[in-house]
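>>> below are the sequence and a predicted model for it; my questions follow.
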Amino acid sequence: MASICPVCGGKLGLLNREKSADGLICAGCSNFFFSKLGIRAAKQPTAALAEYWATLESRRRTFKETDSIFDRDALFVSIDKVNRLFYFGHRSGDKGPRMIYSFDEVAGYESDAPDDLTVTETKGGIGRAVIGAAVAGPVGAIVGASTAKTETRKGRIKESVSIHFALPLGESSLPTTVYPGGMTAFLKSCKVSHEKPQAAAPLAPSAADELLKFKQLLDMGAITEAEYNAKKSQLLGL
Ligand SMILES: [Zn+2]
C-alpha cells in the first residue's frame with residue numbers, strides 16, 4: 001500500500017485517505033479541493049488533481065503582493081499584479097494550504113457595485129448625495145455630489161459579489177460575499193485582460209442562427225421559397 005499522497009506528497013494513512021476517480025489521495029487534499037473550490041476529488045483523476053496542486057504550489061512560491069483590497073473588516077484580497085495572481089485572506093489567519101487564483105481563471109462575476117461611479121451618484125438625486133456628504137463631515141471641500149460619493153466609496157462602501165472561476169478541474173463558484181470596495185473593479189480588470197486573446201477566435205454560428213438569417217431573407221422577399229428550402233436542407237444536413 002502506498003503511504004504517500006500522490007497529490008500533495010503528504011502522508012497517506014488508513015484513516016486519512018479518500019478516493020479520487022482512480023486512486024487514493026489524502027483527506028487533506030480531498031478537503032482542500034472541496035472546501036476551497038467546491039470540487040469533488042472523487043470525480044477527478046489523481047493526475048489532474050496532482051497537476052493542479054503542483055500549479056498551486058508554484059503560485060504559493062512565486063506570489064509577491066503588489067496590491068491589496070482591504071478595509072477594517074476581516075476579509076481582504078491580496079494581489080500580485082506581476083504574476084497575475086490573487087487570494088482571499090482573513091485577518092485572523094487562514095487554515096490549511098492557500099488557494100491562489102490566477103487572473104485568467106476568473107470566468108465571471110455578479111456584483112451589486114455600480115459599473116460607473118457617476119451612475120450611482122445621481123441615483124438618489126443630487127440633493128441626497130449632498131446630504132450624505134454633509135453627514136460625512138468636513139473632509140475637504142464639498143464641491144458637489146460627485147466629490148461626496150468618491151469620498152464614501154474609498155472608506156465605506158462594500159460590495160456584494162459572487163465570483164465564477166474556470167479552473168483546469170472544472171467550474172468553481174464562490175457564493176455572494178461582502179468584499180471591501182474595489183473588488184468589482186479588480187475582477188473587471190481580470191476579466192478584461194483575459195478576454196482579449198479569446199476574442200481572436202470567433203465562434204462559428206450555429207445552423208439555427210444561420211437558418212434564422214435565411215428565414216429573415218425569405219420574409220423580406222430577398223430570396224425565394226425554393227432557395228430558402230435548399231439552404232435549410234443544406235444547413236440541417238438533410
Ligand atoms: Zn494530499
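Thanks, I have it. Numbering: from 1, shown residues only.

>>> got any ranges where this structure has weak pLDDT?
Along the chain, the parts satisfying pLDDT under 70 run over 1-2, 115-156, 195-204.

>>> backbone dihedrals for the residue nearest in space to the middle of it, please?
Residue closest to the average C-alpha location in the chain (Cα atoms, centre = their mean): residue 106, at 3.4 Å. The phi/psi pair for residue 106 (degrees, to the nearest 10) reads phi -70, psi 120.

>>> can you pull the residues of this structure lying near the ion?
5, 7-8, 10, 26, 29 (Cβ under 5 Å from the ion). Heads up, the C-betas are built off the backbone N, CA and C, glycines and all.

>>> state the distance from the closest residue to residue 185 other than its chain neighbours to residue 176.
If you skip the residues right next to it in sequence, residue 185 has residue 113 as its closest partner in space, 7.7 Å away by Cβ to Cβ, 6 or more residues apart in numbering. As for residue 113, its distance to residue 176 is 12 Å (criterion: Cβ to Cβ, to the nearest Å).

>>> residue 61 too?
Relative to residue 176, residue 61 is positioned 32 Å away (criterion: Cβ to Cβ).

>>> higher neighbour count, these two?
residue 176 (14 against 7; other Cβ atoms under 10 Å).

>>> so the more buried one touches residue 162, yeah?
Yes. Under the criterion of Cβ atoms under 8 Å, residue 176 makes contact with residue 162 at 4.3 Å.

>>> okay, and the common contacts of these two?
Shared contacts of residue 176 and residue 162, defined by Cβ atoms under 8 Å, 6 or more residues apart in numbering, comprise residue 110.
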